[in-house]
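Student: Mind folding the following:
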Amino acid sequence: MSKFLIAVGVIIGVLGLGTYAYIETHPQEALELALKAERDRAMLHLKTVEVNGDRWPYLEGGEGDVVLLLHGFGGDKDNWTRFAGHLTPDHRVIAPDLPGFGDNARHEDQSYDIATQRDRLAAFVEALGLTQFHLAGNSMGGNLAGAYAHAYPEQLLSLGLINAAGVESPVPSDLMREVESTGRVALIPRSREDYDHLMEMVFVNRPWVPPFAVEALAQQAIDNADFLQKVFTEYRTNLFRLEPVLPEIETPTQIIWGDTDRLIHVSSARVMDDLLPNSELEIMKSMGHCPMIEDPRATVELYGPFIDRHTPAGM
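Tutor: Take a look at the predicted model:
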């Protein structure tokens, strides 16, 4: 059952009569209630920690070896909620809002390229007192995870790259062809129609979300469009290419990719697999850019056994 279908039921139970009127007039507040319900179901708790003067919101739950999850461009910590719910029974899962995204700080006078974000992530890891952990990232978060793995190999038990950015794709994606032909960046919606187009690009089988949640999520993206444009420009101007560093990453790595990814073509997965000295590749059939959202259970069925194989006894 859809996480939002469950969450809507929780909202109705909490608010009782007048629920639908409330949802129609307060979509953002209703979305927050829905997300809280889904976090509770996944045994995740919302926490914050101060890092270099900014408050980092993050989700945390479970006990055992630590799994640190990094969302992609335009995403946030809740991109991992349902995926994490399958891990929290046996692992301590941490999913932050990266700087510039979600409820983390946005500073117009600061840079958000991968190298800078890597240094911020290192400060977050230090603030939480993490010493050894599994690290996984999706899309831009995968690019960041690869950069981090190269800089701090002693900290990582494993590396997970899920439809990760960072290498030149042998086959251009639909996203890049659209950017080159029209200048339109689907990742940065500026209208409700743009948001629907982005969802079509991200998913093969778009998860059902009730209208109030779609409206709230779309409005959040539209409100942040100018800042996302700044981050996107910096990301492309100061590219952190993974091709030169992947051969030096000896951390056990799992590459997971949706075969129908329209944002980063699946041919990128084989580039990474060929360059990494200690990797395994899993291609998911009829799957888009965010497998952990589109089919969290199937994604965990690949990722869970991988991290279990690379967790030292006693952790």
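
Student: CA atoms of stretch 152-167 as CSV?
Tutor: C-alpha atoms of stretch 152-167 as CSV (Å, rounded to 0.1, in the frame of the first residue of the first chain):
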residue,chain,number,x,y,z
TYR,A,152,37.8,9.2,3.5
PRO,A,153,38.3,5.5,2.7
GLU,A,154,39.1,4.6,6.3
GLN,A,155,35.6,5.5,7.4
LEU,A,156,33.6,3.4,5.0
LEU,A,157,32.5,-0.2,5.3
SER,A,158,30.9,-0.1,1.9
LEU,A,159,29.8,2.3,-0.8
GLY,A,160,26.4,2.2,-2.6
LEU,A,161,25.9,4.1,-5.9
ILE,A,162,22.2,4.2,-6.9
ASN,A,163,21.7,5.8,-10.3
ALA,A,164,24.7,8.0,-9.4
ALA,A,165,25.9,11.1,-11.2
GLY,A,166,29.5,11.8,-11.7
VAL,A,167,30.7,10.1,-14.9
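
Student: What residues sit buried inside that stretch?
Tutor: By 16 or more other Cβ atoms under 10 Å, the buried positions in stretch 152-167 come out as 155-167. All C-beta spots, glycine's among them, are computed from the backbone N, C-alpha and C.

Student: Repeat that for stretch 131-141.
Tutor: F133, H134, L135, A136, G137, N138, S139, M140, G141.

Student: Look up phi and psi at the fourth one.
Tutor: So the one you mean is A136. In terms of degrees, to the nearest 10, the main-chain angles of A136 are phi -140, psi 150.

Student: Can you tell me the closest non-neighbouring residue to it?
Tutor: G160 (2.9 Å; Cβ to Cβ, 6 or more residues apart in numbering).

Student: Check Y148 too.
Tutor: R118 is the one closest to Y148 (Cβ to Cβ, 6+ apart), at 5.3 Å.

Student: Wait, that neighbour touches A151, no?
Tutor: Yes - using Cβ atoms under 8 Å, R118 is in contact with A151, at 6.2 Å.

Student: what residues are up against the residue nearest to N205 when sequence neighbours are not counted?
Tutor: Once flanking residues are discounted, N205 sits nearest to E294: 6.3 Å by Cβ to Cβ, 6+ apart. E294 makes contact with F203, V204, N205, P207, G258, M287, G288, according to Cβ atoms under 8 Å, 6 or more residues apart in numbering.

Student: I'd like those residues laid out as JSON lines, including pLDDT.
Tutor: Listed next are the contacts of E294 as JSON lines, based on pLDDT from 0 to 100:
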{"residue": "F203", "pLDDT": "97"}
{"residue": "V204", "pLDDT": "97"}
{"residue": "N205", "pLDDT": "93"}
{"residue": "P207", "pLDDT": "83"}
{"residue": "G258", "pLDDT": "98"}
{"residue": "M287", "pLDDT": "98"}
{"residue": "G288", "pLDDT": "98"}
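
Student: Neighbours of the residue nearest to A42 when sequence neighbours are not counted, how many?
Tutor: Once flanking residues are discounted, A42 sits nearest to G85: 3.1 Å by Cβ to Cβ, 6+ apart. Applying other Cβ atoms under 10 Å, we find 23 residues neighbouring G85.

Student: Help me confirm that G85 comes into contact with A37.
Tutor: No - between G85 and A37 there is no contact under Cβ under 8 Å: 11.9 Å.

Student: follow-up on the earlier one: any idea how far the residue nearest to A42 is from L44?
Tutor: 7 Å (Cβ to Cβ, to the nearest Å).

Student: quick one: V67 and I94 touch, right?
Tutor: Yes - counting by Cβ under 8 Å, I94 is a contact partner of V67 at 7.1 Å.

Student: Just give me the residue closest to the centre of the chain.
Tutor: Central residue of the chain (Cα atoms, centre = their mean): H71, 2.0 Å from the mean position.

Student: could you dump the contacts of E294 to a markdown table with distance to P172?
Tutor: Listed next are these as a markdown table, based on distance: Cβ to Cβ, whole Å:
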| residue | distance to P172 |
| --- | --- |
| F203 | 20 |
| V204 | 19 |
| N205 | 24 |
| P207 | 27 |
| G258 | 17 |
| M287 | 19 |
| G288 | 17 |
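
Student: Among those residues, which lie within strands?
Tutor: Among these, the residues falling in strands (DSSP state E) are G258.

Student: List only buried entries from the contacts of E294.
Tutor: The neighbour-count criterion (16+ other Cβ under 10 Å) marks F203, V204, G258, M287, G288 among the contacts of E294 as buried.

Student: If you drop the residues flanking it in sequence, what lies closest to the second one?
Tutor: The spatial neighbour of V204 that comes closest, neighbours along the chain excluded (Cβ to Cβ, 6+ apart), is G288 at 4.5 Å.

Student: hang on, L157 in a strand?
Tutor: Yes - judged by DSSP: H, G, I helix; E, B strand; the rest coil, L157 forms part of a strand.

Student: That one and G304, how far apart?
Tutor: Separation of L157 from G304 (Cβ to Cβ): 14 Å.
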